[in-house]
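A.B. asks: Next comes the sequence, and after it the predicted model I'd like to discuss.
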Amino acid sequence: MLRILLLSGEELTSVSLTEVSDVKELKQRLHRQHDLPPRFRQRLVHQRTILGDAVKLDTIIASQVVATTTTEEPERERRAVKRRRIRKKRPLDPEGGLPPPCNERLLKDSSKPTFVMDLQVLIPAFVDASEHRQRQLITAVDFGHVIQVEALLQLPMDPNAAVHKHVDGCTRKPLVLASGKGNLHVAKLLLEARADVNSADDVGTALTSAAFGGHAPVVRWLLEAGAQKDLRNSWGQTALLEAVTKPVTQDGDAQVVQLLVKSHCQLNLRNCCGRTALMVAASQGHARNVHILLDGGAQRDLRANDGCTALMLAAINSHDPVAELLLKAGARIDLQNDAGQTALTLATDVSVSYSIQNEDFRRFFEKRRSDAQIFCKKRRSNPRKLWET
């Protein structure tokens, strides 16, 4: 049995060894159940010795039991006890050849004393967050050195006080940097040390950085830690807008988009150009992301600052799978942008358009192709080259 004492000597709680195995687990339990600071700020002291997080509690109990037996039980007493136990085994039951019932019970009794070990818990203050220590923590986070990060947090060091100018010239915070790097282990340590999950630096918040990097495990962990989903970074981008802004070759990481949509983030927030996540995904050609956003309830026919809709942006960039998804979802093809153009007039690539299963698009492109062939006969040129120009 472990008895946890405060500095005043008052008993905080008692814990059975069957419930915790090591000092780290005990500290985490005290943090959860008794509102103590995170384990990095706890010091458990036994006989004037601070116990490390990796120390097994049963080994301390065992050493205490051995010490007690050695000092309090002379050799002569141990021999006498041994002789008495042997004598209990000698009498046999005349019928079954077993020890008499009374002696059988004595042999089965463990009769081991219950040892109670006192541990004192201390709460030290944070160390001074000097520029040198801040640089150390930022560097360790940047390179993903988990052991060094934990050692600095054990000083203890406040993860929210560590703000340092990074090599890219931006002021960085540890959790934002770890999230952008996709280092889940370091991010977990910082969150356990109570790093502010919504704090922002020159780059953005932890969630916007993880979303732009496409780090789905980190995004999931941040959302579970209570990250606000619709905060914007320095460029006015939310996490969802960052997730769909990635190049088309990376498909915008649909896992991150799926996580954010399931977390009920606002789907129709706009960036500095007035574009929503659906517009950005359509212009990038991310069919999977467009499908996820439409299923989540994103509005189809909102206009950007230039009046373009998601369907127009898909048509401009010749993303026919995206255009087909939008048309099936009921996107309007008659809307005009500020220049008076519709999605039909903006579409230019006839070779791609033939896969779009929409009669209006098909008839439109058939007419354009026919007009081009008539013009080419007069000019004796290649209709394919003329169309591409």
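C.D. replies: Okay, I see it.
A.B. asks: where are the low-confidence patches of the stretch 151-300 of the chain?
C.D. replies: 166-168, 247-252 (pLDDT under 70).
A.B. asks: what do you get if the cut-off is 90, keeping everything else the same?
C.D. replies: Counting by pLDDT under 90, the stretch 151-300 of the chain shows low-confidence ranges at 161-172, 234, 246-253.
A.B. asks: quick one: residue 260 and residue 227 touch, right?
C.D. replies: No - contact between residue 260 and residue 227 fails when scored by C-beta atoms under 8 Å: they sit 10.4 Å apart. The way it works is simple: take the backbone N, C-alpha and C, and place the C-beta from them, glycine included.
A.B. asks: give me the number of residues near residue 338?
C.D. replies: Neighbour count for residue 338, taken as other C-beta atoms under 10 Å: 11.
A.B. asks: So the residue nearest to it when sequence neighbours are not counted, which state does it fall into?
C.D. replies: In this structure, residue 338 finds its nearest non-sequential neighbour in residue 307, 3.9 Å apart by C-beta to C-beta, 6 or more residues apart in numbering. Recorded secondary structure, residue 307: coil (DSSP: H, G, I helix; E, B strand; the rest coil).
A.B. asks: list the contacts for residue 307?
C.D. replies: If you count contacts by C-beta atoms under 8 Å, 6 or more residues apart in numbering, residue 307 has them with 336-339.
A.B. asks: what pLDDT does it get?
C.D. replies: Residue 307 is assigned 97 on the pLDDT scale.
A.B. asks: Looking at residue 260 and residue 227, which has the bigger crowd around it?
C.D. replies: Counting neighbours by other C-beta under 10 Å for residue 260 and for residue 227 shows that residue 260 has the greater number, 29 against 22.
A.B. asks: so which helix or strand takes in the nearest residue in space to the more buried one that is not next to it in sequence?
C.D. replies: Distance criterion C-beta to C-beta, 6+ apart; nearest residue to residue 260, sequence neighbours excluded, is residue 240 at 4.8 Å. Assigned by DSSP states H and E, residue 240 belongs to helix 239-243.
A.B. asks: who's in contact with that helix?
C.D. replies: Outside helix 239-243, the residues that reach it (C-beta under 8 Å, 6+ apart) are 204-205, 207-208, 210-212, 214, 219, 229-231, 233, 252-253, 256-257, 260-261, 265-267, 269, 271, 277, 280, 289.
A.B. asks: circling back: and for the residue nearest to residue 260, the neighbour number?
C.D. replies: 33.
A.B. asks: what about residue 306, how many neighbours?
C.D. replies: Other residues lying near residue 306 total 13 when counted by other C-beta under 10 Å.
A.B. asks: now do the same end-to-end measure for stretch 191-205.
C.D. replies: Stretch 191-205 has its terminal residues 14 Å apart, counting by C-alpha to C-alpha, to the nearest Å.
A.B. asks: Backbone torsions only: list them for residue 11.
C.D. replies: Note on residue 11: backbone dihedrals following degrees, to the nearest 10 are phi -80, psi 130.
A.B. asks: Give the closest residue to residue 347 in space, chain neighbours not counted.
C.D. replies: residue 315 (4.0 Å).
A.B. asks: Next: residue 254.
C.D. replies: That would be residue 288: by C-beta to C-beta, 6+ apart, it lies 4.3 Å from residue 254.
A.B. asks: Which neighbouring elements make contact with the strand or helix carrying the one you found?
C.D. replies: Assigned by DSSP H and E, residue 288 belongs to helix 287-296. Helix 287-296 is packed against helix 254-262, helix 277-284, helix 320-328, with contacts defined by 3 or more C-beta pairs under 8 Å, 6 or more residues apart in numbering; DSSP states H and E.
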